[in-house]
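> Fold the following for me, if possible:
(one chain, ligands or ions: 1)
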Amino acid sequence: MCLTVGILTGGGDCPGLNAVIRAVVRRVRSLGYATTGIMEGWRGLLENKMERLDLERVSGIVYRGGTILRTSRTNPLKRPDGLSTIKTNLQKNAIDALVAIGGDDTMGVADRLFQDGVAVVGIPKTIDNDLSGTDYCFGFDTAVNIATEAIDRLHTTAEAHNRVMVVEVMGRDTGWIAVASGMAGGADMILIPEQPVDLDQLCAVLRKRHGRGKYFSIVVVAEGVQLPSAPEGSPGPVQQDAVVDEFGHARLGGVGQALARVVESRTGFETRVVTLGHLQRGGNPTAFDRILGTRFGVHAANLIDRQEFGKMVALRGTQIVAVPLAEATREPRRVDPELYATASVFFG
Ligand code: F6P
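Okay, the predicted model is just below:
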């Protein structure tokens, strides 16, 4: 039987997605099956938007950022007949099995489809690295390298001007990118949602640096941090606006500006802000992400060959394993206090 495997990428894009797509297509086809591209995440299955996805199409894409299948934050569970429409379109296109590449939102829909009888396998993706069930998501290493390179650059201009540079990084509700890039970039303070923010301690660290002739500092803050100086009863992290996506996520952003105002007014030190935003999601993947993505893709194809559905590939230590999709949709994986304690040795 020539089984056909449909592949989709959902949620925020990240470098490494094309390496995964290439690996799934190459392995699935080496097993004698066919492959079809589903465009723009779950939207492609709701709107029946498929594209040719063969060896020629995936040739030469291992190094390219973004996703040749494009993506969206479409949530079929928000549509009255979303699941039935997906199942109808899977049948229409003779797709026997699905590979869903995405974060917790995408894995949640994939698990629901599996519960509904669809043969699906998940691959964990997010620069936030906050997916339960896997030690690492591809995309994270590239984002950390981009943020680290930015922090390295900011050191020279901060020192030239005796300034405090506040660097806001992504990560949604966790601080993995902040703690990793802050450590790698030699930040003087790192603020993450998992740790209480003490503005007095922050300002004391900055003043202490001044006292020993270090008239510049780098402060890395994760976008999901809620400042204690936030107005009483504020709704949580600083949001760009009131818009939420179809999975209920607000658009975070702005805590860097708020923090810079507090630092400058409390210390008198000239302060500037850099918000890295989607730079952390752009460009070519690192070798680490290409390799991890490739390993994930091949393992996912092998799960399909063994008809082991309802699972997500995962990295445990250095091994690729498979965990139930439901595991990926639990609480976000938060920064280990031990890692933050190590980072804090270098504050100030
Ligand atoms: O989940 C990845 C991520 O980059 C988060 O770090 C960030 O908060 C969000 O996506 C941004 O979403 P969008 O690209 O839809 O603005």
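> Skipping its backbone neighbours, what lies nearest the closest residue to the ligand within the stretch 151-300 of the chain in space?
Proximity to the ligand, evaluated over the stretch 151-300 of the chain using CB to the nearest ligand atom, is greatest for residue 170 at 3.4 Å. In this view, the C-beta of every residue, glycine as well, is placed from N, C-alpha and C. Computed as CB to CB, 6 or more residues apart in numbering, the closest residue to residue 170 that is not its neighbour in sequence is residue 280, at 5.2 Å.
> for residue 98, same thing?
For residue 98, the spatially nearest residue (CB to CB, 6+ apart) is residue 120, at 4.3 Å.
> Quick check: phi and psi on the one you found?
Per-residue torsions, residue 120: phi -140, psi 150 (degrees, to the nearest 10).
> so what's it up against?
The contact partners of residue 120, taken as CB atoms under 8 Å, 6 or more residues apart in numbering, are 97-100, 110, 113-114, 309-310, 325.
> and with 7 Å instead?
Counting by CB atoms under 7 Å, 6 or more residues apart in numbering, residue 120 touches 98, 100, 110, 113-114, 309-310.
> Ok, residue 293 next?
Counted by CB under 7 Å, 6+ apart, residue 293 has contacts 16, 19-20, 23, 138.
> try 6 Å
Residues near residue 293 by CB atoms under 6 Å, 6 or more residues apart in numbering: 16, 19-20, 138.
> do residue 176 as well
Contacts of residue 176 (CB under 6 Å, 6+ apart): 129, 335.
> Next, it: phi, psi?
Torsion angles, degrees, to the nearest 10, at residue 176: phi -60, psi -50.
> Could you check how far it is from residue 85?
35 Å (CB to CB, to the nearest Å).
> Now do the helices in the stretch 51-200 of the chain.
For the stretch 51-200 of the chain, helices defined by DSSP state H, counting those that start in this stretch occupy the ranges 55-58, 82-92, 104-115, 140-161, 176-184, 199-211.
> Please identify the deepest-packed of those helices.
Stretch with highest mean neighbour count among the helices of the stretch 51-200 of the chain: helix 176-184 (a mean of 26; mean count of other CB atoms under 10 Å).
> Select from the contacts of residue 293 every entry located in helices.
Judged by DSSP state H, helices contain the following of those: 19-20.
> Could you list which of the contacts of residue 293 also contact the ligand?
Among those, not one lies near the ligand by CB under 6 Å from any ligand atom.
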